[in-house]
Each structure stands twice: as structure tokens, then as C-alpha cells.
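K.L.:
structure for the following, please:
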Amino acid sequence: MSQYYDMGDRTLWNPSNGASRLFMSQVTVYQAEVGLPSGIGPMEADECQIDPIAFAVFVDALLAWHSETRHAVMATLSEGFVATVLALAETADIEVNWQAAERAESHYLKTASDPRAKGWTAALRQKSRELVRHLGP
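P.N.:
Numbers count the residues shown, from 1 in each chain. Just a heads-up that it's a prediction; the model follows:
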């Protein structure tokens with residue numbers, strides 16, 4: 001069995017029930033973290049609708065939140081979810097505001113000497129692009 005994440009009449013993602021259940025649980029967590037609705041509607045009869053406007057706002061807020069997170073465990077825990085949301089946004093042809101994340105990275109590198117911090121936005125972009133091919137319906 002699987003579930004459908006649709007935007008209008010277009011299916012963006014058709015994951016297994018288990019992957020969908022885990023994703024939807026994380027949606028709830030990160031909506032609370034960023035203080036915004038995700039635009040991802042409830043799962044009803046194995047389908048949910050994604051509101052493109054609310055989702056675009058959520059994606060940018062989530063990326064900004066993630067880019068400001070300097071706690072190693074929080075960054076690691078959130079990276080997979082953020083990459084998945086970014087892949088979903090790319091599949092939906094939603095323009096993502098990477099500039100804010102890149103500015104945060106640049107500012108952090110000027111004030112810290114953590115060599116692992118360099119290039120995290122590029123790595124996150126690559127990870128989300130790799131996930132795009134796994135989202136196909």
C-alpha cells in the first residue's frame with residue numbers, strides 16, 4: 001500500500017505507508033519548530049493535498065530555521081527531513097530561497113572555526129536533488 005501527496009491533480013510523491021507515516025509525524029514536529037503550517041493537508045483515504053502557497057512559505061522558513069541551527073545533534077536530526085521537504089518543493093516546481101541559508105553559512109564561517117560547517121548548503125542541495133528521483137509517483 002502507498003499514499004499520495006498531490007498538488008491539485010498532480011501527484012508529487014507516492015511513498016509507502018511507513019515512509020508516509022514517519023514523514024507526517026515529522027511534519028507535525030517541524031510545524032511547531034518553525035511556528036507555521038506546512039501546507040501539507042491531512043491524509044484521508046491515502047491521499048493528501050499540498051497547498052502550494054503555504055508549502056512554499058513553510059519550505060523557506062524550514063530552510064532558514066535549519067540554516068540557523070548550530071547544535072550538531074539538531075542539525076543532524078533535521079537534515080533528512082529538510083532534504084526531503086526541499087526535494088518535494090523541487091518536484092512541485094517551488095522556488096526555494098537559498099540566499100538566506102547561504103548568508104547564514106557565510107556569517108557562521110566568519111565567526112567560527114568549524115571546518116565541517118563549510119559547504120553545508122551545497123551538501124544539502126545535493127542531498128535534496130538525489131532524493132527527487134525517489135519521490136516520483
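
K.L.:
so where's the protein uncertain?
P.N.:
Filtered on pLDDT under 70, the chain yields the residue ranges 100-119, 137.

K.L.:
again, only this time at 80
P.N.:
1, 69-72, 99-122, 136-137 (pLDDT under 80).

K.L.:
what ranges does it have for its helices?
P.N.:
Secondary structure of the chain (DSSP state H): helices at 17-34, 52-68, 72-91, 98-111, 120-135.

K.L.:
mind checking which of those is nearest Ile40?
P.N.:
helix 17-34 (5.5 Å; C-beta to C-beta). No exception for glycine: its C-beta is placed from N, CA and C like everyone else's.

K.L.:
just the CA trace of that closest one, in CSV.
P.N.:
Output in CSV follows, covering the C-alpha atoms of helix 17-34 (Å, rounded to 0.1, in the frame of the first residue of the first chain):
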residue,chain,number,x,y,z
ASN,A,17,2.6,3.8,4.3
GLY,A,18,5.6,3.5,6.6
ALA,A,19,7.6,6.3,5.0
SER,A,20,4.5,8.5,4.8
ARG,A,21,3.6,7.9,8.5
LEU,A,22,7.2,8.9,9.5
PHE,A,23,7.1,11.9,7.2
MET,A,24,3.8,13.1,8.5
SER,A,25,4.9,12.7,12.1
GLN,A,26,7.9,14.9,11.3
VAL,A,27,5.7,17.5,9.6
THR,A,28,3.9,18.0,12.9
VAL,A,29,7.2,18.4,14.7
TYR,A,30,8.7,20.9,12.3
GLN,A,31,5.5,22.9,12.0
ALA,A,32,5.8,23.5,15.8
GLU,A,33,9.5,24.3,15.4
VAL,A,34,9.1,27.0,12.7
